[in-house]
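*Asks:* My questions are about this predicted structure, shown below with the sequence.
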Amino acid sequence: MMRPRVLVVDDEAPNRLLVRRILEPLNYDVTEAADGQAALALMELQLPDIVLLDLNMPRMDGHAVVQILKSNPRTRLIPIVMLTSADQFLDRIRAVEYGVDDYLAKPFNPVELTARVKSLVSLKQFTDELEHASKVIEGIAVVVESRDRYTGNHCKRLGAYAVRVGRLLGVGDEDRRILQLGGVLHDLGKIAVSDTILNKPGRLTPEEYEIMKSHAAVGSELLRNLRTLERVIPLVRHHHEKLDGSGYPDRIGGKELSLLVRITSVVDVFDALHSKRPYKEGMPVDQCFSILREESQKGWWDIDVVEALQKTLTQGGIEEASTG
């Protein structure tokens with residue numbers, strides 16, 4: 001088993017040496033950096049499991065390092081312990097606001113240091129396992145979609161459309177990431193639908209349609225215990241709900257459906273209308289939006305999302321099935 005990697009960032013060599021002497025006998029792999037810029041350069045080569053970060057350093061202080069690490073999806077989940085002096089209370093509060101996971105006042109107690117490091121490294125390892133599980137689920141979703149030879153790259157297109165609409169509506173970076181994942185995973189529950197139904201060359205019977213409808217609930221249940229995907233679950237479960245409460249599986253509507261869900265629903269319907277299926281030809285874009293507006297007037301969809309989708313497609317073009 002690999003030793004947990006600790007990056008110590010402090011401009012004072014004796015402090016770095018002290019941490020090394022405390023942690024290396026406990027089977028930690030300790031790497032040193034004398035300032036923030038050196039630390040960021042080291043992390044380009046190898047990511048640590050935890051960062052012990054001094055506050056006051058030349059060239060780049062601890063606050064600047066925290067802001068960079070916590071704003072980068074590649075490093076934002078790495079726990080950071082800020083090392084401060086006892087009289088830097090306001091700086092510690094500021095550090096917490098920036099996303100620091102813990103802090104230690106200098107001179108620190110070796111027992112306290114090892115306890116904090118052990119706890120946060122264990123949490124990081126657990127988070128890494130969840131991230132790995134999330135990637136596995138995404139891979140399964142791609143395989144599930146490949147079973148349906150009629151939908152092409154529907155899930156990938158849906159994620160791309162949703163991100164574009166979200167950007168136009170002012171949705172933040174993290175929410176756009178959720179939209180992209182929601183697009184990839186929204187049909188995950190079709191793993192429980194037989195190939196016979198998925199690939200039927202014609203319309204489904206009422207009984208078959210009920211089985212097909214179960215995919216929204218099944219997909220959300222498959223994700224239920226994955227903490228890193230908990231914000232994606234509503235998009236998977238509710239992408240067939242309607243604002244008037246006439247959708248499925250829970251028949252909820254209105255304010256119960258978040259903007260991210262409403263975006264996912266509209267782009268899903270658009271792509272279904274625009275795509276060719278064995279029982280229908282793909283509709284022209286103008287006709288798709290005519291239908292979406294009519295259904296918005298019925299109270300099904302968010303008209304602001306519909307208009308935003310049309311605007312972004314006008315600006316950026318259509319994600320064709322042949323190219324994904």
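*Replies:* In hand now; what should we look at?
*Asks:* Now do the strands in the stretch 101-250 of the chain.
*Replies:* 102-106 (DSSP state E, counting those that start in this stretch).
*Asks:* quick one, helices of it?
*Replies:* 110-147, 154-168, 173-185, 195-198, 206-213, 215-223, 233-238 (DSSP state H, counting those that start in this stretch).
*Asks:* Now do the fourth one: distance to the chain's middle.
*Replies:* What it means is helix 195-198. 30 Å (C-alpha atoms, centre = their mean, to the nearest Å).
*Asks:* coming back round to it: which one, of the helices of the stretch 101-250 of the chain, ends up nearest to residue 51?
*Replies:* helix 110-147 (9.7 Å; C-beta to C-beta). Every residue, glycine included, has its C-beta placed from N, CA and C.
*Asks:* In three-state terms, label residue 6 for me.
*Replies:* Assigned with DSSP: H, G, I helix; E, B strand; the rest coil, residue 6 falls in the strand class.
*Asks:* That one reaches residue 23, doesn't it?
*Replies:* Yes - using C-beta atoms under 8 Å, residue 6 is in contact with residue 23, at 5.8 Å.
*Asks:* list the residues that contact both of those two?
*Replies:* In terms of C-beta atoms under 8 Å, 6 or more residues apart in numbering, residue 6 and residue 23 are both contacted by the residues 30, 117.
*Asks:* Could you list the low-pLDDT ranges of the stretch 1-150 of the chain?
*Replies:* Applying pLDDT under 70 to the stretch 1-150 of the chain flags residues 1, 86-96, 98, 129-136, 138-150.
*Asks:* same thing but at 90, please
*Replies:* Scanning the stretch 1-150 of the chain for pLDDT under 90 picks out 1-3, 55-64, 67, 70-77, 82-110, 112, 116, 119-150.
*Asks:* domains for this structure, by residue range?
*Replies:* Following automatic domain parsing, one gets these domains for the chain: 5-127, 148-316.
*Asks:* Excluding chain neighbours, what is closest to residue 230?
*Replies:* Nearest non-adjacent residue to residue 230, counting by C-beta to C-beta, 6 or more residues apart in numbering: residue 223, 7.7 Å away.
*Asks:* where's the one you found relative to residue 188, distance?
*Replies:* 7 Å (C-beta to C-beta, to the nearest Å).
*Asks:* Which of these two has more residues huddled nearby?
*Replies:* residue 188 (26 against 23; other C-beta atoms under 10 Å).
*Asks:* related to what we said a few turns ago, out of the helices of the stretch 101-250 of the chain, which comes closest to residue 67?
*Replies:* helix 173-185 (14.1 Å).
*Asks:* Could you give the separation of the closest one from the chain centroid?
*Replies:* 6 Å.
*Asks:* List the contacts of that helix.
*Replies:* 73, 137-138, 141-142, 155-163, 165-167, 171, 219, 223, 229, 231-232, 235-236, 239, 260, 263-264, 267.
*Asks:* so can I have CSV of the helices of the stretch 101-250 of the chain showing distance to residue 79?
*Replies:* Below are the helices of the stretch 101-250 of the chain laid out as CSV (distance: least, C-beta to C-beta, whole Å):
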stretch, distance to residue 79
helix 110-147, 4
helix 154-168, 29
helix 173-185, 19
helix 195-198, 43
helix 206-213, 42
helix 215-223, 25
helix 233-238, 25
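*Asks:* what about these, which gets the closest to residue 310?
*Replies:* helix 154-168 (9.7 Å).
*Asks:* could you dump the closest one to PDB, C-alpha only?
*Replies:* Extracted C-alpha coordinates of helix 154-168, given in PDB (Å, rounded to 0.1, in the frame of the first residue of the first chain):
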ATOM      1  CA  HIS A 154     -27.900  11.300 -26.800                       C
ATOM      2  CA  CYS A 155     -26.400  11.500 -23.300                       C
ATOM      3  CA  LYS A 156     -23.300  13.300 -24.400                       C
ATOM      4  CA  ARG A 157     -25.200  15.700 -26.500                       C
ATOM      5  CA  LEU A 158     -27.600  16.400 -23.600                       C
ATOM      6  CA  GLY A 159     -24.800  17.200 -21.300                       C
ATOM      7  CA  ALA A 160     -23.200  19.600 -23.900                       C
ATOM      8  CA  TYR A 161     -26.500  21.400 -24.500                       C
ATOM      9  CA  ALA A 162     -27.200  21.700 -20.800                       C
ATOM     10  CA  VAL A 163     -23.800  23.200 -20.100                       C
ATOM     11  CA  ARG A 164     -24.300  25.800 -22.900                       C
ATOM     12  CA  VAL A 165     -27.800  26.700 -21.600                       C
ATOM     13  CA  GLY A 166     -26.500  26.900 -18.000                       C
ATOM     14  CA  ARG A 167     -23.700  29.300 -19.100                       C
ATOM     15  CA  LEU A 168     -26.100  31.500 -20.900                       C
END
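*Asks:* Sounds good, over and out.
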